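Asks: Return a 3D structure for these sequence lines:
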Amino acid sequence: MENMFLEFFSNTGYAMADYRHVVMILIGVTFIYLGIAKHYEPLLLVPIGFGILIGNVPVFKGLGLGIYESNSVLHYLYLGVTSGVYPPLIFLGIGAMTDFSTMLARPLLMLLGAAAQMGIFLTFLGALALGFAPNEAASIGIIGGADGPTAIFLTAKLAPELIGPIAVAAYSYMALVPVIQPPIMRLLTSRKERLIRMEEPRVVGKREKMIFPIIGFLLTCFLAPAALPLLGLLFFGNLLKEAVVTERLAVAARTSIIDSVTILLGMTVGASTQADVFLTSQSVGIFVLGALSFGVATASGLIFAKIINLFVRTKINPLLGAAGVSAVPDSARVVQMVGQEEDPTNFLLMQAMAPNVSGVIGSAIGAGILWSFMS
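Replies: Numbering: from 1, shown residues only. Have a look, this model is predicted:
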């Protein structure tokens, strides 16, 4: 009887677990806590956090249970990540939710979204200097765009073995936007600059908003054809939203489709962080470089806004530059929050959405450029 019990116990996860599984489970619980208690990107952190729990229950190899076993259910669900299917569907939903009118009202602000992408390319160079292979360095650099789906899409194409740490790093920094960005914003701007008021944007007509996704798609995808899967569905989703006659399709894209894909993407990305694969020195390096990338992206947008102010008569509040990273709409909300700390009557949210949504386009173009070079 005792031997039977010992044999049974040796087959349980309790017997097969080691300290690495405990560490990863604690990380998963932390993600769930941050999502539920702190409201940090709950739609992302809760699925990822629970996925980490799923991926770190010790199982026997060969039974078809682990996400890296070709005959497992989790592996089939994970194919949407490794094949790059889930991120474009996320972009379809984002397009159906996004109003580009603030960007169209003042096109100059699009440059702030472009400037923030400097974090991608500077981190790419930094990762190369630290000895990462070019394809790995490109995947790490894209974290600076603060765009989880884009980071997953590019990593799936260039360095699929790094999807777990890169995706977790990208979504972690997206969720921590309210913590990471404000100190950088205060450091690089004066109180006088933070008090600058932005004039009301012009009213953008319906026809203009309907034409934009077609023109925007052609311009950006001819520039970076490798970004076609992401930008194609982003602008298609936006056309569904603005065309009115396709409102039913737009509703499906921004509700049931994006919600279903977010659940599957978050859960499987979390499950891919098995302790024996995830807890490596390489993963630590990715997290450090990702943090630097995010900080550089924020600083680049702020500094470029200050440079623009040297040449324009109507000054731009430099805080808007921080919204150039692609964390929509969190970066824009942080701009509003920091601006109202100085002047509660200063409303920057709508203006901040212009560089914010242009940053989404910019990070996808950046991913396309890196993919084309690595290919």
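Asks: which residues does the nearest residue to D276 once chain neighbours are set aside contact?
Replies: Of all residues not flanking D276 in the chain, R20 sits nearest, at 6.8 Å (Cβ to Cβ, 6 or more residues apart in numbering). (Each C-beta comes from the backbone N, C-alpha and C, glycine too.) Counting by Cβ atoms under 8 Å, 6 or more residues apart in numbering, R20 makes contact with A275, D276, L279.
Asks: how much space is there between the residue nearest to the last one when sequence neighbours are not counted and S72?
Replies: It refers to L279. Setting aside the residues directly before and after it, L279 is nearest to R20 in space (Cβ to Cβ, 6+ apart), at 5.0 Å. Between R20 and S72 the distance, using Cβ to Cβ, to the nearest Å, works out to 20 Å.
Asks: cool, A253 as well?
Replies: When Cβ to Cβ is applied, the distance between A253 and S72 equals 30 Å.
Asks: who's more crowded, these two?
Replies: More crowded of A253 and S72, by other Cβ atoms under 10 Å: A253, with 25 against 16.
Asks: can you count the residues close to the closest residue in space to that one that isn't next to it in sequence?
Replies: Nearest residue to A253, sequence neighbours excluded (Cβ to Cβ, 6+ apart): A96, at 3.9 Å. A count of neighbours around A96, defined by other Cβ under 10 Å, yields 27.
Asks: Now do the same contact list for A96.
Replies: With the criterion set at Cβ under 8 Å, 6+ apart, A96 makes contact with G237, N238, L240, K241, A250, V251, A253, R254, I258.
Asks: helices and strands around whichever strand or helix holds the last one, which ones?
Replies: It refers to I258. Taking DSSP states H and E as the criterion, the element that holds I258 is helix 258-271. Packing partners of helix 258-271 (3 or more Cβ pairs under 8 Å, 6 or more residues apart in numbering; DSSP states H and E): helix 42-55, helix 73-82, helix 86-97, helix 148-158, helix 163-175.
Asks: And those: which comes nearest F222?
Replies: Closest of the helices and strands packed on helix 258-271 to F222 is helix 86-97, at 18.0 Å (criterion: Cβ to Cβ).
Asks: after that closest one comes which helix or strand?
Replies: For helix 86-97, the following helix or strand on the C-terminal side (DSSP H and E) is helix 101-105.
Asks: Identify each buried residue in that following helix, please.
Replies: Going by neighbour count (16 or more other Cβ atoms under 10 Å), the buried part of helix 101-105 is S101, T102, M103, L104, A105.
Asks: Tell me the spacing between the third one and S83.
Replies: Distance, M103 to S83, using Cβ to Cβ: 31 Å.
Asks: State the phi and psi torsions of V177.
Replies: Recorded main-chain torsions at V177 are phi -50, psi -50, according to degrees, to the nearest 10.
Asks: helices and strands of the protein: which one has the lowest mean pLDDT?
Replies: Averaged element by element with mean pLDDT, DSSP states H and E, the chain has its least confident helix or strand at helix 2-10 (a mean of 70).
Asks: Touching that helix from outside, list them.
Replies: A15.
Asks: Next SSE downstream of that helix?
Replies: Taking DSSP H and E, what comes next after helix 2-10 is helix 13-16.
Asks: now the helix or strand just after that following helix, how far from the centre of its chain.
Replies: Counting by DSSP H and E, the element after helix 13-16 in chain order, helix or strand, is helix 19-36. When distances are taken as Cα atoms, centre = their mean, to the nearest Å, helix 19-36 is centred 20 Å away from the chain's centroid.
Asks: Show the average pLDDT along helix 19-36.
Replies: Average pLDDT, helix 19-36: 92.
Asks: which of the residues in that helix are buried?
Replies: When neighbours are counted by 16+ other Cβ under 10 Å, the buried residues of helix 19-36 are found to be R20, H21, M24, I25, I27, G28, F31, I32, L34, G35.
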